[in-house]
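Participant: Kindly generate the corresponding structure for this input.
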Amino acid sequence: MNSDQFEHDKHHVGHDTGGREVEITPALVKHFIAATGDDNPWYRGASPLNGALAPALILHSEVYHDVSWYLPNILGNLHTRQEWDVFAPVAVGETLHTRSTIVERYLRRDREYLVDEVFVFNAAGRLVSRSRTHQSFLIAKEQRGEGFVVDRARERDATRTFKAGERGGEAIAAPMRPITEAMCMAFSGPAHNYHTDRQAAIDLGFPDIVVQGMLSVCLVAEMMTRRFGIGFFNGGKMDLRLVNVLWGNETTGPQGRILERQPEGNFTRAMVEVWCEKADGTKTIVGTASAIEL
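Facilitator: Prediction:
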């Protein structure tokens with residue numbers, strides 16, 4: 001069977017976007033803490049598993065390690081949805097193996113979406129996490145005119161107002177945190193790009209540094225880890241929609257409400273409505289998460 005046409009197309013469903021081996025060193029964990037502000041004492045030692053544990057999303061941006069899967073028109077591209085399943089804890093010092101594949105491609109309004117799925121395995125071959133990143137690209141190829149592709153006024157549009165936290169339930173809160181340019185550089189650097197540099201952002205159609213959406217995803221995971229502990233490392237799930245842009249130097253924080261508890265074998269799974277919001281209440285992420293309640 002002739003498959004040449006697929007071999008030369010890096011954007012089709014089923015395209016293997018590669019993988020690598022990553023040692024989870026104390027230095028890597030220290031860098032994660034600097035980039036996110038998530039300084040859980042378990043990451044440094046004295047965890048319930050008798051040793052330092054890596055953050056559940058220690059390889060948060062593995063999907064972006066090689067962006068050859070991106071469509072050519074990167075003007076105004078946005079991370080729009082993030083799915084994550086956490087299957088097992090990872091000890092600091094372990095070596096992990098990753099593999100990525102394009103698993104979906106679809107159209108919605110003026111954007112085309114690619115979904116890249118990343119599997120992470122430990123040295124024993126056990127699957128420790130799986131994530132699906134939905135990245136959107138503008139369909140229009142013509143040169144942009146005056147103004148920005150996405151500007152600050154967008155989030156004030158009534159269509160970009162999202163209700164969350166209005167269905168009751170047990171509240172889970174985390175402190176608000178300013179996202180500094182230094183954090184952006186630690187999280188998305190060291191290269192100058194639209195996540196770390198204002199001019200690079202302007203060149204891609206944004207008025208300011210676009211905080212990488214995965215940073216807010218990490219904040220939700222931090223909240224879930226602090227509330228559910230090992231129950232998030234073993235079977236934690238997130239399905240998050242990135243609905244508004246978080247700009248550099250803004251303040252944000254995750255929130256959650258446990259809406260119900262469902263039996264799951266010998267355990268109980270807590271079903272949580274989650275979101276991230278800015279200091280003025282603008283929602284940047286809305287979605288669901290769950291974890292085993294121990």
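
Participant: count of residues packed around Ala171?
Facilitator: Ala171 has 10 neighbours, counted by other CB atoms under 10 Å. All C-beta spots, glycine's among them, are computed from the backbone N, C-alpha and C.

Participant: same deal with Glu170?
Facilitator: Neighbour tally, Glu170, other CB under 10 Å: 12.

Participant: How about Leu215?
Facilitator: 24.

Participant: ditto for Val120
Facilitator: Neighbours of Val120 under the rule other CB under 10 Å: 24.

Participant: Pull the distance from the longest helix belonging to the chain to the chain's centre.
Facilitator: In the chain, taking DSSP state H as the definition, the longest helix is helix 213-228. Computed by CA atoms, centre = their mean, to the nearest Å, the separation of helix 213-228 from the middle of its chain amounts to 9 Å.

Participant: Can you give me the buried ones in that helix?
Facilitator: Of all the residues in helix 213-228, those buried under the rule 16 or more other CB atoms under 10 Å are 213-225, 227-228.

Participant: and for the helix or strand following that helix, what are the contacting residues?
Facilitator: Where DSSP states H and E defines the elements, the next helix or strand beyond helix 213-228 is helix 230-233. For helix 230-233, the surrounding residues in contact (CB atoms under 8 Å, 6 or more residues apart in numbering) are 48-49, 53, 56, 86, 88-89, 221, 224-225, 267, 291-294.

Participant: Of the residues you listed, which belong to helices?
Facilitator: Per DSSP H, the contacts of helix 230-233 map to helices at 221, 224-225.

Participant: For Asp197, state which of these is nearest.
Facilitator: Closest to Asp197 out of the ones in helices among the contacts of helix 230-233 is Ala221 (26.0 Å), distances taken as CB to CB.

Participant: related to what we said a few turns ago, filter the contacts of helix 230-233 down to the buried ones and hand me the PyMOL line.
Facilitator: To isolate the buried subset of the contacts of helix 230-233 in PyMOL, counting by 16+ other CB under 10 Å, use the following:
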select buried, resi 53+56+86+88+89+221+224+225+291+292+293
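
Participant: Tell me the one among the contacts of helix 230-233 nearest to Asp9.
Facilitator: Nearest to Asp9 among these, with distances taken as CB to CB, is Val86, at 32.0 Å.

Participant: in terms of contact, does the closest one touch Met224 like I think?
Facilitator: No: counting by CB atoms under 8 Å, Val86 stays clear of Met224, with 9.1 Å between them.

Participant: intersection of neighbour lists for those two?
Facilitator: 232, 236.

Participant: Which stretches in this protein count as helices?
Facilitator: Going by DSSP H, the chain shows helices at 4-7, 26-36, 181-188, 198-203, 213-228, 230-233.

Participant: do you know which of the ones you listed lies nearest Pro254?
Facilitator: helix 213-228 (4.4 Å).

Participant: For Ser61, give me the backbone phi and psi.
Facilitator: Taking degrees, to the nearest 10, you get phi -110, psi 30 for the backbone angles of Ser61.

Participant: got the contact list for the residue lying closest to it once chain neighbours are set aside?
Facilitator: Spatial nearest neighbour of Ser61, excluding adjacent residues (CB to CB, 6 or more residues apart in numbering): Met214 at 5.5 Å. By CB under 8 Å, 6+ apart, the contact set of Met214 is 57, 60-61, 64, 79, 82, 187.

Participant: Am I right that Asp85 is in contact with Ser129?
Facilitator: Yes: counting by CB under 8 Å, Ser129 is a contact partner of Asp85 at 6.5 Å.

Participant: More neighbours: the two, which one.
Facilitator: Ser129 (24 against 15).
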